[in-house]
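Asker: Provided below are the primary sequence and the corresponding predicted coordinates.
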Amino acid sequence: MSVWSPSQVNKWLECPLKWSLQRQGVVGVREKWSPGLIVGTALHAGLAHHFNNGPDAEGAAWDVLNAGWPQDGDTGDFSPDAVRPKMAGALRRALDKKDELLGLNGQVFSVEDKLGDGDRESGQYPGTADLITLHTDPPGIGQGARYLVVTDWRSHWSLDD
């Protein structure tokens, strides 16, 4: 069974042919660059760093943003310094949800975990669970049920800082 991430669904809705060619690994089919894409990649890296290693999520995100910034100059009026506040704002909003995500008895179970078989190079990339938390009913409230919650981080380019 193939699992599609929300990003893959959006790409298919945008252009099914381009999506199919990318999944098949056809060389030369590239995504259109946008500052939102690189901010999303940096956001994921910062959050993964936070949940795996602790503080300095913004530093980790900034490193990814700088390393992935196109060097060909085809970025319009955008620069890393211009998009950093958007990235920092998205990161801050996500981290503000940490207590809500974990609840009373939640703990981080997995971060940036691949769902299923495949890889990007083969074009059969199955998707990634950005954060999986394990929860247990609090004593005296439930029957000790254990369940997993999968969180998909989304950034929205138009949000204010």
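Answerer: Yep, it's here.
Asker: Nearest residue to the most centrally placed residue in the chain in space, please, no chain neighbours.
Answerer: Residue closest to the average C-alpha location in the chain (CA atoms, centre = their mean): residue 44, at 4.0 Å. Excluding the flanking residues, the one nearest residue 44 by CB to CB, 6 or more residues apart in numbering is residue 153, at 5.9 Å. In this view, the C-beta of every residue, glycine as well, is placed from N, C-alpha and C.
Asker: ok so, going back, residue contacts, the residue nearest to the centre of the chain?
Answerer: 112, 130, 153 (CB atoms under 8 Å, 6 or more residues apart in numbering).
Asker: In strands, which of the residues you listed appear?
Answerer: When DSSP state E defines the strands, the subset of those inside them is 112, 130.
Asker: Now render the contacts of residue 44 as CSV, adding neighbour count, pLDDT and distance to residue 138.
Answerer: Shown next, in CSV, are the contacts of residue 44 (neighbours: other CB atoms under 10 Å; pLDDT from 0 to 100; distance: CB to CB, whole Å):
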residue, neighbour count, pLDDT, distance to residue 138
112, 17, 87, 28
130, 21, 87, 25
153, 17, 80, 26
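Asker: Cheers, nothing more for now.
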